[in-house]
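Asker: Need the 3D shape of this:
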Amino acid sequence: MIKHLLIAFASALGIFVCLVLIAILQLPNISNLEKCFTTTMFEVKVCPNTKSFVRLSQIPKHTVNAIIISEDAGFYSHKGFDWDEIKNSFQKNLEKKTFARGGSTISQQLVKNLFLTQEKSIIRKLKEAFLTYQLEKKYSKKFILELYLNVVEFDTKVYGIARASQHYFKKPVSTLNPAESAFLAQLLPNPRKFNRGFFAGRTANYVVKRSFNILHKLRSVGRISEEEYAFSKMALQSYPWSQKPIELQMDESVDLISSDENEEDIPSESGSTELKKPDSILDSEAKTEDSKETNSNNNLDSETDNSAPIEKEESNLTEPSL
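Answerer: Numbering: from 1, shown residues only. This is a model prediction of the structure:
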């Protein structure tokens with residue numbers, strides 16, 4: 001009996017190893033990402049060497065940092081896998097007995113978007129791990145982040161930060177303010193849930209609170225000023241974010257990454273609030289869309305990486321809640 005079990009186990013293991021080897025041999029070549037290609041998951045065409053590709057130098061620092069601190073705070077310190085986050089996610093999912101929190105890094109999310117499908121299997125996870133390792137080994141963090149910001153989904157058939165800026169705020173990405181940036185960042189990774197009520201002019205309270213959570217983190221690690229934080233908090237409490245003023249306070253009961261918010265928490269109607277904008281935001285909005293886009297396109301070759309790293313030690317905060 002034991003002999004038969006050992007034979008069966010060895011056979012199953014052999015088959016699994018063969019499947020893994022076949023899967024690895026069939027993996028796409030990641031060496032040509034600087035050229036035009038079409039992503040597998042959403043069929044997004046990306047051309048890094050053209051003017052349609054949005055560079056980090058065209059995106060405000062607070063926008064880049066909002067997405068990093070929301071999706072992968074250790075982005076600049078890990079090599080594709082955040083083992084602490086994976087462990088924390090596993091423990092939280094075990095406690096809740098459901099998949100309430102993911103542990104994927106920006107690099108892993110990018111690999112899924114570029115090369116894989118939405119299939120959930122061990123083989124796919126192994127492919128993802130192998131491709132993530134190759135991606136981090138070959139390309140710079142800057143290029144990985146640029147690719148991610150050009151292909152990530154922000155709504156149905158809305159891919160990339162530039163299109164998201166136009167889709168939600170009718171403005172070029174270069175003029176996004178911290179409040180708008182926090183809203184876009186909190187949409188990930190489930191934009192169709194976390195944009196609830198936005199286009200009806202009555203954004204769900206839990207969406208506003210998620211956005212505030214990101215603003216709080218940005219201020220905590222010094223990525224936005226106190227003035228920007230104060231203005232952005234006021235902006236989140238008034239139209240067009242919601243039609244009912246929301247009291248935004250720290251509350252340890254809300255987890256930014258958890259997906260179990262009350263989806264019925266929709267604000268009712270109320271008046272808007274007059275806001276005085278910080279000079280930094282006024283200066284940004286004073287520039288016209290045409291001039292901003294022209295200047296950005298003319299300076300593609302001379303760009304610098306304007307997303308200062310958010311070190312994991314600095315941003316590894318207790319999850320601020322509302």
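Asker: Hmm, Tyr148 and Gln109 touching each other?
Answerer: Yes: at 6.8 Å, Gln109 counts as touching Tyr148 under the criterion of CB atoms under 8 Å. Placement of C-beta: from N, CA and C, glycine included.
Asker: So for these two, which residue has more residues nearby?
Answerer: Comparing Gln109 with Tyr148 by other CB atoms under 10 Å, the one with more neighbours is Tyr148, at 23 against 20.
Asker: Just give the closest residue to the more buried one, not the sequence neighbours.
Answerer: The shortest distance from Tyr148 to any non-neighbouring residue, by CB to CB, 6 or more residues apart in numbering, is to Leu110 (4.6 Å).
Asker: what residues are up against the one you found?
Answerer: 135, 144, 147-148, 151 (CB atoms under 8 Å, 6 or more residues apart in numbering).
Asker: Of those, just the buried ones, ChimeraX syntax please.
Answerer: Of the contacts of Leu110, the buried ones go into a single ChimeraX selection, burial set by 16 or more other CB atoms under 10 Å:
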select :135,144,147,148,151
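Asker: Now render the contacts of Leu110 as a markdown table, adding secondary structure.
Answerer: Below are the contacts of Leu110 laid out as a markdown table (DSSP: H, G, I helix; E, B strand; the rest coil):
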| residue | secondary structure |
| --- | --- |
| Leu135 | helix |
| Ile144 | helix |
| Leu147 | helix |
| Tyr148 | helix |
| Val151 | helix |
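Asker: Including distance to Ile68 and pLDDT, could the contacts of Leu110 go into JSON lines?
Answerer: Formatted as JSON lines, these follow (distance: CB to CB, whole Å; pLDDT from 0 to 100):
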{"residue": "Leu135", "distance to Ile68": "17", "pLDDT": "96"}
{"residue": "Ile144", "distance to Ile68": "11", "pLDDT": "97"}
{"residue": "Leu147", "distance to Ile68": "14", "pLDDT": "97"}
{"residue": "Tyr148", "distance to Ile68": "10", "pLDDT": "97"}
{"residue": "Val151", "distance to Ile68": "16", "pLDDT": "96"}
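Asker: tell me which of the contacts of Leu110 is nearest to Thr175?
Answerer: Comparing those against Thr175 with CB to CB picks out Tyr148 as the nearest, at 21.0 Å.
Asker: if I read this right, the closest one contacts Thr105, doesn't it?
Answerer: No: in this structure Tyr148 lies outside contact range of Thr105 using CB under 8 Å: 10.0 Å.
Asker: all strands for the protein, in order.
Answerer: Assigned by DSSP state E, the chain shows strands spanning 37-38, 45-46, 153-155, 158-159.
Asker: Of these, which is nearest Ser211?
Answerer: strand 153-155 (13.8 Å).
Asker: So what's the residue count around Lys141?
Answerer: Other residues close to Lys141 by other CB under 10 Å number 18.
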